[in-house]
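A.B. asks: make a model of this:
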Amino acid sequence: MKRRIALLALALSFVSNLASATTTTPTPVPSTTPSTAPTPATTTATTTTTAMTTTKIDALGPGSRIHGMDISYYQHPGNSTIDFKKMYAAGVRFVIIKGGDSMDAYDAQAVKYMIPDRKAAQAANLYTSFYYYAYLPNVSDQATIIKDAKAQAQKVIWRIASLGGYGRHDLPVALDLETNCTLFTATGCGRYANPANVTLWAQTWLATVAVATGRKPFVYSYPQFLENAMARSAALRQYPLWLAHYSVDPSVTTNQPNAKQVGCYADSWTNQDCTAQWQIWQYTSCGIAGKYGVPGTRVDLNVFYGNNNDFLKLVQGLWQPDNSQMLPFNEPTAMSVSAQSSGTTKDPVLFYVSVVRPNSTPVVTGTVTYQSASTLMSSGVQSITRNSSGSWLIKITNMPAGNYVGTINFTDPTGTEAAAQYPVVFAVTPAPTPSATPSPTGTKPASPSPTPIPKPKPTPVDSCAGQIRN
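C.D. replies: Sure thing, here's the model as predicted:
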């Protein structure tokens, strides 16, 4: 997926800078585990044992392993459909579908295809899961980090509930965690979360989903991120790992997806003998799409580690949500503005806004804007930054001098949360007029224009170089 690959490159540049200060021998990350993340409770989900003795999952992937695939809207160019029967005939037995995102626009895009893809894939006898692409909050205090993780976990619980819960062909949901950037700028990343906070957020999200659904979610990431951007944690190790590593051949059964040229990556899932405790290995992003009934040119491919019974254990435990776990519709909200500031026409107008649900937890969908009460008054140029779930910074520029009356408006295009307004007033004063700078006397002769030198055309980069094209 292009967006994931771009963010992967951004995060890789950060973690590689960290790693460049060390030798090729992996340096263990401090083992301090952030506290306060919830611990999964004992589940009462119904389990099934008959499937383990009656169902045979063909192991037709590299290394005679169960073969899988993951897909998103990128596999639907021009709104085209996927032939899941052809996918099954080509040896694939499970497919993981993008089904959620921290960002509303990408989340809606994922849901559009996840629902019909899941139905069609299961009709073709494929096992399915979905992954949730996560962005971390742009905060550093642990209480807000925990609130944000729980809010984003609630979004996923609602998503699973909207599908009817976990059925006999549903693998657990996956947390896609591959960037620790919390503030994106026009030139890259303006701020990163530290390893302790990344780990605290992940453990909270994972435990919240596990408690609600009775199944432990997968963690999806790549070795450099797990080693450098997260703290080593015994709690994390309890969740199954879906690991992306493209430079190692999975058909050689002794190969490990956490291997380096020398040694291995050291993270929460690394064993004492340098092997990795992985469950799914995403071994290429350059699978031959058409071979598997997928439109386009390339697709991600995966293999499962374990035997037939190991795979079927993942689909044990049926979860059927009750009414309290279903996605609400037009749920009442309450808005507050914790701080605001304004100054001259050269200064931005700032509003720090929070929106909560009836139980005082932050909303996880929707956004905020400022609107002047009069159409004769400007609403300026607005920049909205999400600091955490239900918390935003509104920055308004290009505001003429004057006294303003308006509202901060919260809207949720998904219809989950009800709209809300908060009245605000502020003043913008004229900026001081700068003193005129005297013009120099005389005229300087014009310099001759340099002859333009044509730029060489960039050499095309093969993003599949070194990857397995299966």
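A.B. asks: for the residue nearest to residue 208 when sequence neighbours are not counted, what are phi and psi?
C.D. replies: Nearest-residue entry for residue 208: residue 153, 3.7 Å, with adjacent residues in sequence omitted and distances by CB to CB, 6 or more residues apart in numbering. For glycine as for every other residue, the C-beta is placed from the backbone atoms N, C-alpha and C. Dihedral angles of residue 153 (phi, psi; degrees, to the nearest 10) stand at phi -70, psi -40.
A.B. asks: what about residue 153, neighbour count?
C.D. replies: 26 (other CB atoms under 10 Å).
A.B. asks: how about residue 312?
C.D. replies: 21.
A.B. asks: and what of the one 4 residues further on?
C.D. replies: Residue 316 has 17 neighbours, counted by other CB under 10 Å.
A.B. asks: helix, strand or coil: sort out it for me.
C.D. replies: Judged by DSSP: H, G, I helix; E, B strand; the rest coil, the three-state class of residue 316 is coil.
A.B. asks: gap between it and residue 174?
C.D. replies: Noted for residue 316: a distance of 17 Å to residue 174, by CB to CB, to the nearest Å.
A.B. asks: ok, now residue 319?
C.D. replies: From residue 319 to residue 174 the distance is 16 Å (CB to CB).
A.B. asks: neighbour count: those two, which is higher?
C.D. replies: A count of neighbours by other CB under 10 Å puts residue 174 above the other of residue 319 and residue 174, at 25 against 22.
A.B. asks: who's that one bridged to?
C.D. replies: Beta-bridge pairing of residue 174 under DSSP bridges involves residue 131, residue 218.
A.B. asks: wait, it sits on residue 220?
C.D. replies: Yes. In this structure residue 174 lies within contact range of residue 220 using CB atoms under 8 Å: 4.9 Å.
A.B. asks: quickly list what's touching both of the two.
C.D. replies: Taking CB atoms under 8 Å, 6 or more residues apart in numbering as the criterion, residue 174 and residue 220 both touch 131, 242.
A.B. asks: show the pLDDT at the residue nearest to residue 208.
C.D. replies: Each residue has a pLDDT score; the one for residue 153 is 97.
A.B. asks: quick one: contacts for it?
C.D. replies: Residue 153 touches 204-205, 208-209, 212, counting by CB under 8 Å, 6+ apart.
A.B. asks: for residue 299, same thing?
C.D. replies: Contacts of residue 299 (CB under 8 Å, 6+ apart): 69, 71, 75, 285, 287-289, 292.
A.B. asks: can you tell me the element residue 118 falls in?
C.D. replies: helix 104-123 (DSSP states H and E).
A.B. asks: now find how far off-centre that helix is within its chain.
C.D. replies: 16 Å (CA atoms, centre = their mean, to the nearest Å).
A.B. asks: could you give the mean pLDDT of that helix?
C.D. replies: On average, helix 104-123 scores 96.
A.B. asks: buried residues of that helix, list them for me.
C.D. replies: Of the residues in helix 104-123, those buried by neighbour count under the rule 16 or more other CB atoms under 10 Å are 104, 106-107, 109-111, 113-115, 117-118, 120-122.
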